[in-house]
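Visitor: sequence below, structure please.
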Amino acid sequence: MLQTIHDKSKGILGIVIVILIGATFALWGIGDYLGGATEKAAAKVDDMEISQGEYEQALARQRQNMEQRFGGQLPESPLFEQQMKEQVIEQLISQRVLLKMAEEQGYRIADPILAQRIRNMEAFQQDGVFMQDNYQAIVESTGMAVKEFENRFRQDLKIQQLQDGLSASAFLGKIELELINRLQRQQRDFAYLSFSAADYMNGAEVTEAEIEEAYEANRGRYMHPESMSVSYVELTAESMAKEVDVDEEAVRRMYDDYVSSQAGREQRKASHILIAASSTDNDELQNKQAKAESLLTRIQSGENFADLAKELSDDPGSASRGGDLGWVSRGMMVPEFEKALFALAKGAISGVVKSSYGFHVIRLDDIKAEAIDSFETKRAELETQYRAQIIEDRFYEQSELMATTAYENDGSLQPVADALGLSVKTSPQFNRQAGTGIAMNEKVRKAAFDAAVKTDGRNSDIIEVAKQHAVVLRVNTHTPAKQKTLDEVKNLVASTLRAEKARAAAESAAADALKRLEAGESLVDVAKATDGKLTDAGKIDRSNQATDPQILSAVFSMSKPASGKAGYRQIETAMGSAVIALRAVESNAQASAEDLAILSGQFAGQQANLEMSALVDYLKSQADINRNNEL
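Guide: Predicted coordinates for the structure are as follows:
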């Protein structure tokens with residue numbers, strides 16, 4: 001169970017806590033609204049601060065997202081890093097101004113709505129059922145009180161409410177919709193001549209002098225990359241597994257927890273008859289109780305429970321259904337009612353039960369519960385969970401020791417190895433882009449080339465290579481980048497020059513074809529004369545997927561040709577060059593009401609995004625915003 005809580009607190013719940021719910025603002029961090037007062041603010045929006053801690057968390061999330069987009073490795077560019085930092089702080093500022101507007105406009109999230117949204121969150125459910133204990137444990141495992149989490153979630157929902165309201169108000173006018181419909185349904189009749197650079201490779205000759213000149217002009221391209229090997233201490237969960245002995249008593253307690261949790265998920269189908277009694281007058285209470293006891297006697301004498309409920313029950317929600325309350329889980333009813341219900345055998349009727357609502361007569365109609373496995377059946381699973389939890393706890397303790405020791409003894413890894421009972425290992429040589437062994441991990445390579453490690457000769461910070469796998473490292477050997485000789489790269493330089501000449505030849509052939517077409521020659525004759533590949537695309541629309549996207553984009557950006565004449569354009573393509581002959585532009589503006597409604601919805605969504613962006617810009621212009629330029 002602890003492992004489940006640990007995983008969920010870093011998974012779905014972690015996302016909810018640190019990321020806004022609204023899809024348009026999916027990268028905007030929520031931040032710590034209550035803390036961070038002692039640290040220098042990353043920015044201030046009127047009277048609302050954005051703490052440096054919140055900014056750093058949002059930056060880390062943005063960096064992770066960008067790493068996924070770039071295939072695990074970000075461009076090593078100071079400009080790229082600065083742009084990412086600026087984007088994050090602007091997202092946080094935008095979030096703040098929207099929150100302020102939502103609160104000023106009176107947006108509110110009622111307690112029942114908040115509760116329902118939380119109950120529907122998968123992180124707090126088990127087999128589709130909301131578990132109160134899991135909810136509290138998962139939230140608290142993040143270091144946050146339940147009340148604080150609910151406060152943050154409520155604020156997120158306010159912003160989503162504001163965003164939804166703006167989206168619902170976006171619309172397209174009739175003239176706009178008709179224009180978009182015409183553009184969307186427009187068709188273009190064209191053909192094109194393509195000239196592939198590959199066709200000109202055989203004729204692309206390069207001389208020794210050209211190779212040497214290109215090498216000298218581009219020496220920076222031809223370098224042996226900077227490389228190094230590192231010494232490292234590696235901590236893994238696998239290395240701890242053999243040291244874990246199973247505690248029989250602890251496993252027994254885990255089994256007891258399992259039995260309790262299964263019992264807690266039991267549901268009971270109940271019916272009741274309520275004699276309402278809210279008064280504190282003793283005489284009235286006695287009269288009500290006597291009425292309930294009389295009802296119980298009649299039921300025990302054989303009268304129909306459902307008929308009596310319809311006639312005499314004071315519960316408006318269940319009386320018409322013969323007292324049927326449906327399926328009831330623990331925690332849904334007042335304590336007195338729940339205690340009595342869950343003490344009944346199937347088909348049994350309780351005595352008179354007093355609660356804050358009055359006096360109940362309860363019947364248990366059915367029981368729905370999962371089977372409880374025996375201890376022996378569950379033993380292997382529980383022992384596995386026990387070992388996993390012990391290993392997780394020990395790994396956390398050992399990783400803390402690793403980090404502290406490496407920091408306090410940053411001139412050597414031997415104290416780290418001694419403290420953990422491990423050995424110092426050495427990696428093969430690797431560079432910034434690739435490596436083998438431990439250096440296959442991008443985080444390891446990035447840490448090794450950090451200035452504090454590479455230049456200052458310190459131990460690295462602890463690096464989480466994978467789950468329950470951590471290392472600290474320091475430089476073992478370092479080899480600076482050096483120039484490759486011409487002999488080493490001669491073939492590469494020659495290939496590059498031939499490719500450039502072949503592309504230039506393809507572009508020249510396309511330019512010649514364009515002149516011939518504009519002079520009045522036919523496409524067929526020009527194709528034969530220039531060895532261009534002729535493709536007659538015919539009449540197609542913007543959604544056509546059979547045509548090269550570069551060709552398609554260029555065709556639909558060309559001006560409509562004069563009637564009876566073609567328009568021509570030369571473009572560069574991924575393969576070389578092409579000449580497009582646009583013969584006609586046709587527009588079929590007829591569309592069904594259903595098609596127009598779909599089109600309106602699509603572009604209204606885009607319009608809503610534009611309006612939201614404009615709103616944020618306006619709110620920023622009206623706010624007193626101070627940014628920390630030292631970040």
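Visitor: give me the contacts around whatever helix or strand Glu216 lives in.
Guide: Assigned by DSSP states H and E, Glu216 belongs to helix 208-217. For helix 208-217, the external contacting residues (CB atoms under 8 Å, 6 or more residues apart in numbering) are Tyr222, Leu486, Val489, Lys490, Val493, Ala494, Thr496, Leu497. No exception for glycine: its C-beta is placed from N, CA and C like everyone else's.
Visitor: may I have that helix as PDB, with CA atoms only?
Guide: Extracted in PDB, the C-alpha atoms of helix 208-217 (Å, rounded to 0.1, in the frame of the first residue of the first chain):
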ATOM      1  CA  GLU A 208      41.300  18.300 -54.400                       C
ATOM      2  CA  ALA A 209      41.600  22.000 -54.200                       C
ATOM      3  CA  GLU A 210      37.800  22.400 -53.600                       C
ATOM      4  CA  ILE A 211      38.000  19.700 -50.900                       C
ATOM      5  CA  GLU A 212      40.900  21.500 -49.100                       C
ATOM      6  CA  GLU A 213      39.200  24.900 -49.500                       C
ATOM      7  CA  ALA A 214      36.000  23.600 -48.000                       C
ATOM      8  CA  TYR A 215      37.900  21.900 -45.100                       C
ATOM      9  CA  GLU A 216      39.700  25.100 -44.300                       C
ATOM     10  CA  ALA A 217      36.500  27.200 -44.500                       C
END
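Visitor: what's the mean pLDDT across that helix?
Guide: For helix 208-217, mean pLDDT is 93.
Visitor: other SSEs contacting the helix or strand that that helix is followed by?
Guide: If you walk from helix 208-217 toward the C-terminus, the next helix or strand you reach (DSSP H and E) is strand 223-224. Judged by 3 or more CB pairs under 8 Å, 6 or more residues apart in numbering; DSSP states H and E, strand 223-224 is in contact with strand 482-483.
Visitor: am I right that Arg188 is in a helix?
Guide: No: counting by DSSP: H, G, I helix; E, B strand; the rest coil, Arg188 is not found in a helix; it is strand.
Visitor: can you point out the buried residues in the helix holding Glu216?
Guide: Of the residues in helix 208-217, Ile211, Ala214, Tyr215 count as buried by neighbour count, 16 or more other CB atoms under 10 Å.
Visitor: and what of stretch 219-237?
Guide: So stretch 219-237, judged by 16+ other CB under 10 Å, has buried residues Tyr222, Ser227, Met228, Ser229, Val230, Ser231, Tyr232, Val233, Glu234, Leu235, Thr236, Ala237.
Visitor: ends of that stretch, how far apart?
Guide: Stretch 219-237 has its terminal residues 47 Å apart, counting by CA to CA, to the nearest Å.
Visitor: which among the contacts of helix 208-217 count as buried?
Guide: Members of the contacts of helix 208-217 classed as buried by 16+ other CB under 10 Å are Tyr222, Val489, Lys490, Val493, Ala494, Thr496, Leu497.
Visitor: which stretches of the stretch 451-600 of the chain form strands?
Guide: Secondary structure of the stretch 451-600 of the chain (DSSP state E, counting those that start in this stretch): strands at 463-466, 469-479, 482-483, 533-541, 567-572, 576-587.
Visitor: as CSV, those strands with distance to Asn441 and mean pLDDT would be great.
Guide: CSV is the format used below for the strands of the stretch 451-600 of the chain (distance: least, CB to CB, whole Å; pLDDT from 0 to 100):
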stretch, distance to Asn441, mean pLDDT
strand 463-466, 5, 88
strand 469-479, 9, 95
strand 482-483, 26, 91
strand 533-541, 46, 91
strand 567-572, 39, 94
strand 576-587, 40, 90
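Visitor: which one of the ones you listed lies nearest to Arg188?
Guide: Of all these, strand 576-587 sits nearest to Arg188, with 5.5 Å by CB to CB.
Visitor: what residue ranges in the protein score low on pLDDT?
Guide: 1-40, 71-73, 76-79, 141-144, 166-185, 262-265, 370-371, 588-608, 631 (pLDDT under 70).
Visitor: just to revisit the earlier point, out of the contacts of helix 208-217, flag the one nearest to Val524.
Guide: Checking the contacts of helix 208-217 one by one against Val524 (CB to CB), the nearest turns out to be Leu497, at 34.3 Å.
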